[in-house]
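Student: pasting the structure only:
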């Protein structure tokens, strides 16, 4: 709904807030690329280099609705561990795990979690976000 539609409906000063997504990726260029991709899809984007930094950002930001994380990164936990930790501590946050490595067939994502294999298309990422956030 556009701002004009809100005004026409008698609702002034109300602008829907874009969902906030935290991108967790240790490779700077890939983190910037994914962050830009998600921002262009209409989301507010924050980013972190690893799980430790992600946890610090999440603790201070209750608006985060989804975390998009790489599996492998230098940190005290990998991306999958981060997803399970979030489910225990912030079950309101959805989770997308991505990896270019072959994953074991029986790996268990947290509830409200999806896996997107690398290399991915913009449509793959946007579809996963839309399924989990809207």
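Tutor: All right, it came through fine. The structure presented is a predicted model; accordingly, all values stated were derived computationally and were not measured. Numbers count the residues shown, from 1 in each chain.

Student: got any ranges where this protein has weak pLDDT?
Tutor: For the chain, the stretches flagged by pLDDT under 70 are 1-15.

Student: where along it do the strands fall?
Tutor: Remark: strands assigned in the chain by DSSP state E are 20-24, 44-48, 64-70, 94-99, 113-117.

Student: mind putting those in a markdown table, distance to residue 130 included?
Tutor: Every residue, glycine included, has its C-beta placed from N, CA and C. Output for those, formatted as a markdown table (distance: least, Cβ to Cβ, whole Å):
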| stretch | distance to residue 130 |
| --- | --- |
| strand 20-24 | 11 |
| strand 44-48 | 15 |
| strand 64-70 | 10 |
| strand 94-99 | 11 |
| strand 113-117 | 11 |
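
Student: now those as CSV including mean neighbour count and distance to residue 134?
Tutor: Listed next are these as CSV, based on neighbours: other Cβ atoms under 10 Å; distance: least, Cβ to Cβ, whole Å:
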stretch, mean neighbour count, distance to residue 134
strand 20-24, 25, 12
strand 44-48, 19, 15
strand 64-70, 24, 10
strand 94-99, 24, 10
strand 113-117, 17, 13
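
Student: wait, which of these is closest to residue 125?
Tutor: Minimum separation from residue 125 across the strands of the chain (Cβ to Cβ) falls at strand 113-117, 6.2 Å.

Student: Now the terminal residues of stretch 110-120, how far apart.
Tutor: 21 Å (Cα to Cα, to the nearest Å).

Student: so how far is it from its chain's centroid?
Tutor: 10 Å (Cα atoms, centre = their mean, to the nearest Å).
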